[in-house]
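> Turn this into a model:
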Amino acid sequence: MKPLGPIPAGFVASDGELVIGGQSASALVNQAGGTPLFVYSRTMLDERMADLRAATPDRLQINFAVKANPFLPLVQHMAGLADGFDIASAGELALVQQAGIDPARVSFAGPGKRDAELEAAISVGVTLNCESEGEARRTLAIGERLSIVPRMAIRVNPDFELRGSGMKMGGGAKPFGVDAERVPALAREIIAAGAEWRGLHIFTGSQSLDVGAIAETQGNVLELAARLADDSGVALPKLNMGGGYGVPYFHGDQPIDLAIIGDALAARFEALPATIADTQFCIELGRYLVGEAGVYLTRIVDRKQSHGVTYLITDGGLHHQLAASGNFGTVVRRNYPLAVATHFDAEPVEEVNVVGCLCTPLDRLADQAMLPRADVGDLVAVFCAGAYGASASPSAFLGQGPAREILV
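Below you'll find the model as predicted:
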């Protein structure tokens, strides 16, 4: 037997069936027109943001990283919750515009921005987090050609990283950002060229469950920003401190204690160096805001035995849930949180493998998992499906096509 990951708090059963947003899994599938289906809960999005606001200093703004979940109704809902939005492509820029979000609330990061993307961002007033001297100079040249003053910040590659991060994006040689020691000269160049100086973006890593490491890194980010502002000789209008807050996916993972992070940051804000005393601060979160608010529902289409092993075969799989299949950055595959949605409060009675419908041995949703008895027609729920699910999975693989998505 291999343990399943922890189901996020807040999910309950009614008449034996999983309820999401006040509706049963079966009712949601009928409403959406079938499976596979991603369901996102407004209530859980609201509660997560409220908890975050309560635990962190009032002066700290909260940005939503659109790459975590670009489903338009969800982005529209987040428009009323988040202070700003971080994007990473012209496609995401078009999405936030479609959602009715003011481009002045948007910043654009990414190491490979093409000229057409830079032009689109400059034209509507998005802040560009420049990832190299070359990109900064292309931005200035495009702004001059358009007769538009570009809004420019510098993404910094710091000389430290976030301990315990599942995905490190700072420290050492990286494709992301400008090495810290080269930032002051570039900042002065941008300001001298007449651009609107928007400050620094320092993103060190993501998916950390170590609150001590997160608090330590936030302190390091503040110290680095103060030093760079001092060395640049210019005030720092804004600092994007990055994210890093993780969610529990696997057995043994524990949710982070927001109070510890918030208290540590509040203490830092009480003793800021003069160079950043008046700076506007924000954090950039994606997975932490939306990950646990999503559930992937897939229907069992076959139940079979092979050499004494029971397989539950579903109409979903890695083409929608690449991460849950273990093929999105994990070295050793472990089980995500998973349940039989139509027997959500039943006791586990059998060890089974839950697999998808694709013709590849990589298509696995749960290995040797203890679950209630499930048969053809039952619904399986994969939790923590609100981030890097539908848009981060190869939906075109083997011609299967995308999953349905709804916000409830």
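> and residue 242, that one's in a helix?
No. Per DSSP: H, G, I helix; E, B strand; the rest coil, residue 242 lies outside any helix segment and is coil.
> how deep is it tucked in, by neighbour count?
28 (other Cβ atoms under 10 Å). Any C-beta I mention is one placed from the backbone N, CA and C, and that applies to glycine too.
> do the same with residue 17
Residues near residue 17, counting by other Cβ under 10 Å: 19.
> got a pLDDT number for the closest residue in space to it that isn't next to it in sequence?
In this structure, residue 17 finds its nearest non-sequential neighbour in residue 24, 4.6 Å apart by Cβ to Cβ, 6 or more residues apart in numbering. Reported pLDDT at residue 24 in the predicted model: 98.
> Report the contact partners of residue 24.
14, 15, 17, 18 (Cβ atoms under 8 Å, 6 or more residues apart in numbering).
> Counting neighbours, which of these comes out on top?
residue 18 (27 neighbours).
> just to revisit the earlier point, out of the contacts of residue 24, which is nearest to residue 378?
Proximity of these to residue 378 (Cβ to Cβ) peaks at residue 17, which lies at 10.1 Å.
> need the contact list for the closest one.
Contacts of residue 17 by Cβ under 8 Å, 6+ apart are 24, 25, 26, 341, 342, 343, 344.
> quick one: buried residues of the helix or strand containing residue 213?
Following DSSP states H and E, the helix or strand that holds residue 213 is helix 211-232. For helix 211-232, the neighbour count (16 or more other Cβ atoms under 10 Å) marks 211, 213-215, 217-218, 220-222, 224-229, 231-232 as buried.
> for that helix, packing partners?
helix 183-192, strand 196-201, strand 238-240, helix 258-270 (3 or more Cβ pairs under 8 Å, 6 or more residues apart in numbering; DSSP states H and E).
> Keep only those of the contacts of residue 17 that are in helices.
The helices, defined by DSSP state H, take in 25, 26 from the contacts of residue 17.
> Would you check which pair of the contacts of residue 24 lies furthest apart?
Pairwise distances across the contacts of residue 24 peak at 10.5 Å for 15 and 18 (criterion: Cβ to Cβ).
> Report the separation between the two terminal residues of stretch 194-212.
Distance across stretch 194-212, first residue to last, is 40 Å (Cα to Cα, to the nearest Å).
> follow-up on the earlier one: so which of the helices and strands packed on helix 211-232 is the most packed in?
Scoring these by mean neighbour count under mean count of other Cβ atoms under 10 Å gives strand 238-240 as the most buried, with a mean of 24.
> what packs against it?
Judged by 3+ Cβ pairs under 8 Å, 6+ apart, strand 238-240 is in contact with strand 196-201, helix 211-232, strand 280-285.
> Which of those sits closest to residue 370?
Nearest of the helices and strands packed on strand 238-240 to residue 370, taken as Cβ to Cβ: helix 211-232 at 30.7 Å.
> Now find how far off-centre that closest one is within its chain.
Its chain's C-alpha centre and that of helix 211-232 lie 22 Å apart, by Cα atoms, centre = their mean, to the nearest Å.
> try stretch 301-316
Mean-position distance between stretch 301-316 and its chain equals 32 Å (Cα atoms, centre = their mean).
> Which residue ranges of the stretch 251-400 of the chain form helices?
Counting by DSSP state H, counting those that start in this stretch, the stretch 251-400 of the chain has helices at residues 258-270, 287-290.
> want to throw the ones you listed into TSV with mean pLDDT and distance to residue 296?
Formatted as TSV, the helices of the stretch 251-400 of the chain follow (pLDDT from 0 to 100; distance: least, Cβ to Cβ, whole Å):
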stretch	mean pLDDT	distance to residue 296
helix 258-270	97	26
helix 287-290	98	13
